[in-house]
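# Requesting a structural model of the entry that follows:
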Amino acid sequence: MNDLTAKLAECNKEIALEPNNASAYAKRGDVYLDMGNLDSALVDCNKSITLDPDNADYYNDRGWIYWRTGQSDNAVSDYSKAISLNPKKTNYFNNRGRVYIRVGKLDEAIADFTKGIFLDPNNANCYRNRGLAYCI
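Sure, this is the predicted structure:
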């Protein structure tokens with residue numbers, strides 16, 4: 001059994017023991033994501049959000065899946081929700097900015113990267129991505 005299969009088995013046990021544990025679904029969703037099973041990862045992200053709709057990280061996680069599957073509008077919506085729940089987390093702005101680059105909304109992307117830099121002046125990802133947005 002490989003590491004991901006073992007992690008999946010552990011997550012399945014945790015969910016069987018605590019079927020209303022949002023964190024357990026989020027963890028299993030991460031394992032599915034690592035396995036490349038985006039459909040199952042999305043199902044688990046949806047479940048974690050249903051169980052704990054005020055957890056910004058769950059929206060960020062689902063936004064990542066939407067980004068990976070080309071669902072840019074859904075990704076922006078989820079990253080925006082994550083930002084509204086926790087406006088001090090730099091990676092939410094960075095992630096939404098990356099989607100804005102993808103869809104050609106460069107001013108919005110630059111604004112998000114700039115906000116991320118304001119929140120964390122040592123965040124290299126925001127600087128790199130803002131530079132990229134300026135160059136497009």
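# Any figure for the gap between residue 94 and residue 49?
21 Å (CB to CB, to the nearest Å). Placement of C-beta: from N, CA and C, glycine included.
# Looking at those two, which is more packed in?
Using other CB atoms under 10 Å as the criterion, residue 94 and residue 49 rank with residue 94 on top: 24 against 20.
# helix or strand for the nearest residue to residue 106 once chain neighbours are set aside, which one?
Leaving out its chain neighbours, the residue that sits closest to residue 106 by CB to CB, 6 or more residues apart in numbering is residue 133, at 5.1 Å. Assigned by DSSP states H and E, residue 133 belongs to helix 124-135.
# buried residues in that helix?
Within helix 124-135, the residues scored as buried using 16 or more other CB atoms under 10 Å are 125-126, 129-130, 132-133.
# can you list the domain ranges for the chain.
Domain ranges of the chain: 1-53, 72-136, per automatic domain parsing.
# Out of the ones you listed, which is the most enclosed?
Ranked by mean neighbour count, those are led by domain 72-136 with a mean of 18 (mean count of other CB atoms under 10 Å).
# Retrieve the pLDDT associated with residue 12.
Looking at residue 12, its pLDDT is 98.
# what's near enough to touch it?
Residues near residue 12 by CB atoms under 8 Å, 6 or more residues apart in numbering: residue 28.
# Can I get the helix or strand hosting it in CSV? Just the C-alpha atoms.
Take DSSP H and E as the rule and residue 12 turns out to sit in helix 3-17. The C-alpha trace of helix 3-17 is given here as CSV (Å, rounded to 0.1, in the frame of the first residue of the first chain):
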residue,chain,number,x,y,z
ASP,A,3,1.4,6.5,1.2
LEU,A,4,-1.7,8.1,-0.5
THR,A,5,-3.6,4.8,-0.2
ALA,A,6,-2.7,4.6,3.5
LYS,A,7,-3.7,8.2,4.1
LEU,A,8,-7.0,7.6,2.3
ALA,A,9,-7.7,4.6,4.4
GLU,A,10,-7.0,6.6,7.6
CYS,A,11,-9.3,9.4,6.4
ASN,A,12,-12.1,6.9,5.6
LYS,A,13,-11.8,5.5,9.1
GLU,A,14,-12.0,9.0,10.7
ILE,A,15,-15.1,9.8,8.6
ALA,A,16,-16.7,6.5,9.6
LEU,A,17,-16.1,7.3,13.3
